[in-house]
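Engineer: give me a 3D structure for the following:
(2 chains)
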Number of protein chains: 2
Amino acid sequence: METLRVALIGFGTVGKGIYRTIQTHQDKLNQILGKRVEISVILVKNKHRHVHLHKDVPIETNIETITDNDKIDVVFEAIVGIEPAFTYLKQCIEAGKHIITANKEMFAHFGGDLLTLAKHFGVQVGYEATVAGGIPIIQTIKQLLSVNRIHRVEAILNGTTNYILTTMRKEGKLFSEALRYAQTLGYAEADPTNDIEGFDALYKLMILSQLIFNDQPDWKDVVRLGIQDITEHDIKKASCEGKRIRHIATVAIESGHITASVKPIFISEAHPFFSVEGVDNAVRLETNLVGSLTFIGPGAGALPTASAMMEDLCMI
Amino acid sequence: METLRVALIGFGTVGKGIYRTIQTHQDKLNQILGKRVEISVILVKNKHRHVHLHKDVPIETNIETITDNDKIDVVFEAIVGIEPAFTYLKQCIEAGKHIITANKEMFAHFGGDLLTLAKHFGVQVGYEATVAGGIPIIQTIKQLLSVNRIHRVEAILNGTTNYILTTMRKEGKLFSEALRYAQTLGYAEADPTNDIEGFDALYKLMILSQLIFNDQPDWKDVVRLGIQDITEHDIKKASCEGKRIRHIATVAIESGHITASVKPIFISEAHPFFSVEGVDNAVRLETNLVGSLTFIGPGAGALPTASAMMEDLCMI
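Structural biologist: Numbering: from 1, shown residues only, chains lettered A, B, ... in the order given. Below is the predicted model of the structure:
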């Protein structure tokens, strides 16, 4: 049987999830791709931290071990932050490799550039894992856009903030307590700024905007309010009105002008996000032919993310 | 520019929706397919009923006007009932044409046969429109299945019954009144048996079972209870318990054994179908890697159905 050789950039939670999924899904991948999938290189920052792991796969620190290897067809990227991810992926595309990324901050800023470059070099870019974790929203939107126009997106794009808001309401906890609880369970980082102040949701929203409207609003015009100032009182006020607070990202187009925001919103029982609790994400699309569609599912986690990246591999 | 020639079998609500969508979306279809889409033949049962319509398109009654025409690449089928739809589509496949169908009763019974035949003749079968109207559930499931296993599906697959249950609860109407109201609005047929007794939901459920498990349960083992016996009292009882009644189709696999049912179920506020009201459909998939995913959207209507069939055309 033929072998499809892939490289992995990054070996944190998501990288390990991809590694494990490739190892445990060989039969299924064989069946769909007609090939065995082999991880040829894992690229990390600090080789010594991983020296005892997985002796069957070469661990490297130099991107040229990937770009110079003609046998590698696909590169999975699962690191955090814009650089060196963007530079690495540019080099991979220029070396004729398909890329699959889970890096939302990088892709929100430079996804358009990577897609243009990839078109020029005749390779594919998979980014299903950058938005809404295990919900296959990118491919679904592409399918809908083949016939529909989408004019508005409303979404819960960060599982951490939704978990904190759910815990505050259900268990009557203060914001600081709910955050600590989320940190204990691994749902929130030691430095939670990125999630609770809405940066993570903003990145994902910008990726959706680029995909749907082929453009983004000016980032500095986007209202971004986090959930750090939500009080017990706010939660109770919502409950008394039969409502719930959700941290909602919205992007819409009107007469060619794109507007966006990320902010806490009171929603009523009739809203499809009313029962979206815990770490789930949700996306609601307003379209011209099909009407309103809502998608709900796990927004994060190593396995949903790895699954999304494997789905990209099968599409490529 | 090249021309893609298609034929249309059936010119009822859905057929007219396809016709209109093709006419109004030429620019978008050009852009994606790189071709102009032309309807070469519309096949109907009674030519005289349509004689004054659309002089630009030949209206025919003989399937050979499609199967004998080598220039036709794709056939849209939008009629009701198993025959003559099944025989027509077999003939189209044997003539080397891709087929796209919205016919759930036929596809629930003979979808597997058509897919096998299509594989043999090297053509594609699109059936996105057979289940859950505008929700792109077939393609989404195909994508998920490339990596995930799905072990259970729970769904609201009939907009008419959901509309009736919603109206009974919200407006305190009797079943018979709510049904009459649905009929007035065109949400229910003059003979509503197919919808309210759960046949329509069963057909869609069997299509999902075939797609997901590559098999169906024995039809006679499937519990099928309609909503015709739901009383005012049942609705009130549910409300008192903070619950709502939904007409839910379920199919699951356990140790290789498939079980299925279609019946009214009391669900609580925590269930993702709690806020699915009116003519909306909903599908919840339980998967091994991604976890639980829920999709909500319009379950019927000429435009969502036509949109789903156009999406199939773009995939083919």
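
Engineer: tell me the SS of the residue in the stretch 151-300 of chain A positioned nearest to chain B?
Structural biologist: In the stretch 151-300 of chain A, the residue that lies nearest chain B is A:V290 (3.4 Å; CB to the nearest CB). Just so you know, the C-beta spots here come from the backbone N, C-alpha and C atoms, and that holds for glycine as well. Judged by DSSP: H, G, I helix; E, B strand; the rest coil, the three-state class of A:V290 is coil.

Engineer: what residues are up against the residue lying closest to it once chain neighbours are set aside?
Structural biologist: Setting aside the residues directly before and after it, A:V290 is nearest to B:G134 in space (CB to CB, 6 or more residues apart in numbering or on different chains), at 3.4 Å. With contact taken as CB atoms under 8 Å, 6 or more residues apart in numbering or on different chains, B:G134 is in contact with A:287, A:289-291, A:293, B:297-299, B:301, B:303-305, B:307-308.

Engineer: centre-most residue in chain A?
Structural biologist: A:T130 (2.3 Å; CA atoms, centre = their mean).

Engineer: can you report phi and psi for it?
Structural biologist: When read as degrees, to the nearest 10, the backbone of A:T130 gives phi -70, psi -30.

Engineer: that one against A:E105, yeah?
Structural biologist: No - judged on CB atoms under 8 Å, A:T130 makes no contact with A:E105 at a distance of 9.2 Å.

Engineer: anything in contact with each of the two?
Structural biologist: Residues touching both A:T130 and A:E105 by CB under 8 Å, 6+ apart: A:Y203.

Engineer: picking that back up, in strands, which of the contacts of B:G134 fall?
Structural biologist: Secondary structure from DSSP state E places A:T287, A:L293, B:G297, B:P298 of the contacts of B:G134 in strands.

Engineer: reformat these as TSV; add distance to B:A155 and neighbour count.
Structural biologist: Shown next, in TSV, are the ones in strands among the contacts of B:G134 (distance: CB to CB, whole Å; neighbours: other CB atoms under 10 Å in any protein chain shown):
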residue	distance to B:A155	neighbour count
A:T287	21	23
A:L293	15	25
B:G297	12	26
B:P298	14	24
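
Engineer: one step back: Serialize the contacts of B:G134 to a markdown table and add fields for pLDDT and distance to B:G198.
Structural biologist: As requested, the contacts of B:G134 are exported to a markdown table (pLDDT from 0 to 100; distance: CB to CB, whole Å):
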| residue | pLDDT | distance to B:G198 |
| --- | --- | --- |
| A:T287 | 95 | 29 |
| A:L289 | 88 | 28 |
| A:V290 | 89 | 25 |
| A:G291 | 92 | 24 |
| A:L293 | 96 | 24 |
| B:G297 | 95 | 21 |
| B:P298 | 91 | 20 |
| B:G299 | 84 | 14 |
| B:G301 | 80 | 20 |
| B:L303 | 86 | 25 |
| B:P304 | 87 | 21 |
| B:T305 | 89 | 20 |
| B:S307 | 89 | 26 |
| B:A308 | 91 | 22 |
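
Engineer: quick one, what contacts the nearest residue to A:R149 once chain neighbours are set aside?
Structural biologist: Using CB to CB, 6+ apart and skipping residues adjacent in sequence, the residue nearest A:R149 is A:N288, 4.5 Å away. Contact criterion CB under 8 Å, 6+ apart gives A:N148, A:R149, A:I150, A:H151 as the residues in contact with A:N288.

Engineer: before we move on, the earlier item: nearest to A:A201 among the ones in strands among the contacts of B:G134?
Structural biologist: Nearest to A:A201 among the ones in strands among the contacts of B:G134 is A:L293, at 19.6 Å by CB to CB.

Engineer: hmm, B:F295 and the closest one touching each other?
Structural biologist: Yes - A:L293 is in contact with B:F295 according to CB under 8 Å; the separation is 7.3 Å.

Engineer: find residues that contact each of those two.
Structural biologist: Jointly contacting A:L293 and B:F295 under the rule CB under 8 Å, 6+ apart are B:I135.

Engineer: hang on, the earlier thing: tell me the contacts of the residue nearest to the centre of chain A?
Structural biologist: Contact analysis of A:T130 by CB under 8 Å, 6+ apart lists A:T101, A:A102, A:N103, A:K104, A:F107, A:A108, A:G111, A:I138, A:Y203, A:K204, A:I207.
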